[in-house]
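# coords below, sequence missing:
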């Protein structure tokens with residue numbers, strides 16, 4: 001696996017909505033304001049979940065396009081990523097159709113390989129010139145199937161198509177995941193074809209994921225999805241953090 005570039009990626013709103021507090025940015029304007037602050041703090045990429053006015057995630061071009069336009073119009077010059085998942089479009093057959101209907105394109109899109117239709121969706125994104133973040137969880141209820149599905153797809157996507165793919169691995173929390181404290185990548189990731197890699201964790205796994213990324217020299221992602229109650233903070237895994245999450249210990 002390769003950690004080429006080792007970008008720091010900030011998630012502006014994640015799966016959180018208005019019920020999680022007024023600090024969660026939801027409107028295009030609030031997202032743009034948060035993105036500008038994150039980039040000023042050192043973010044190399046921005047992940048944003050476009051939502052309808054009622055707060056529902058969506059892949060509709062009428063929702064995705066305006067959000068991207070507002071962020072870019074506000075001067076956010078780093079790559080922008082959107083999720084293309086069940087949360088935004090429950091019908092697997094409709095997700096590629098939504099992507100083909102986009103009039104404004106993100107730089108990257110998240111594709112969860114635990115979800116049905118992931119390979120077809122990733123191919124549709126690559127055909128539109130949108131890079132793919134292929135998401136797999138290390139452990140958890142999904143088990144090893146998603147990782148095996150991703151491995152098989154990467155082997156088939158040889159050459160130019162695979163160049164636009166980055167593996168995004170979610171590090172799980174809990175005593176069963178002692179592998180996250182080790183000096184090397186988990187065995188499942190070491191068995192993948194050579195590919196750019198990004199690590200992230202949610203809640204209690206946030207800091208272990210950042211520490212693991214720092215030791216392994218991979219990219220890392222953090223933000224409101226990663227630390228409950230935290231403001232948007234961005235760090236490069238191989239350098240001293242530029243900011244601090246209030247009340248959270250700094251990674252070792």
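Nice, thanks for sending it over. Given the structure is predicted, the values throughout are model-derived calculations rather than measurements. Numbers count the residues shown, from 1 in each chain.
# where does the stretch 1-150 of the chain have low pLDDT?
In the predicted model, the stretch 1-150 of the chain carries pLDDT under 70 at residues 1-7, 14-23, 139-143.
# now do the helices in it.
Taking DSSP state H, counting those that start in this stretch as the criterion, the stretch 1-150 of the chain contains helices spanning 28-40, 61-73, 94-101, 118-127, 145-156.
# strands of the chain, start to end?
With DSSP state E as the criterion, the chain has strands at 8-11, 45-47, 80-83, 108-112, 131-138, 165-171, 196-201, 219-223.
# what's the per-residue pLDDT of residue 220 here?
On pLDDT, residue 220 comes in at 76.
# my guess is it contacts residue 197, does it?
No - using Cβ atoms under 8 Å, residue 220 is not in contact with residue 197; the gap is 10.0 Å. Where C-beta positions appear, they are placed from N, C-alpha and C, glycine not excepted.
# neighbour count winner among the two?
Higher neighbour count among residue 220 and residue 197: residue 220, with 30 against 23, using other Cβ atoms under 10 Å.
# please name the bridge partners of the more buried one.
residue 8, residue 199 (DSSP bridges).
# measure it to residue 148 for me?
25 Å (Cβ to Cβ, to the nearest Å).
# swap in residue 138?
For residue 138, the distance to residue 148 - Cβ to Cβ - is 13 Å.
# how about a markdown table for the strands of the chain, with distance to residue 70 added?
What follows is those, written out as a markdown table (distance: least, Cβ to Cβ, whole Å):
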| stretch | distance to residue 70 |
| --- | --- |
| strand 8-11 | 17 |
| strand 45-47 | 12 |
| strand 80-83 | 11 |
| strand 108-112 | 18 |
| strand 131-138 | 21 |
| strand 165-171 | 25 |
| strand 196-201 | 25 |
| strand 219-223 | 18 |
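# residue 138 and residue 148 - which one has more neighbours?
residue 138 (24 against 14).
# my guess is the more buried one contacts residue 170. True?
Yes - here residue 138 lies in contact with residue 170, judged by Cβ under 8 Å, at a distance of 6.5 Å.
# how about a markdown table for the helices of the stretch 1-150 of the chain, with distance to residue 110 added?
Shown next, in a markdown table, are the helices of the stretch 1-150 of the chain (distance: least, Cβ to Cβ, whole Å):
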| stretch | distance to residue 110 |
| --- | --- |
| helix 28-40 | 16 |
| helix 61-73 | 13 |
| helix 94-101 | 12 |
| helix 118-127 | 10 |
| helix 145-156 | 13 |
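# quick one: closest of those helices to residue 214.
Nearest of these to residue 214, taken as Cβ to Cβ: helix 28-40 at 19.3 Å.
# and the closest one, what does it pack onto?
strand 45-47, helix 61-73 (3 or more Cβ pairs under 8 Å, 6 or more residues apart in numbering; DSSP states H and E).
# among those, which is the most enclosed?
strand 45-47 (a mean of 26; mean count of other Cβ atoms under 10 Å).
# contacts for that one?
7-12, 14, 35, 38-39, 71, 76, 78-83, 107-108, 110, 221, 223 (Cβ atoms under 8 Å, 6 or more residues apart in numbering).
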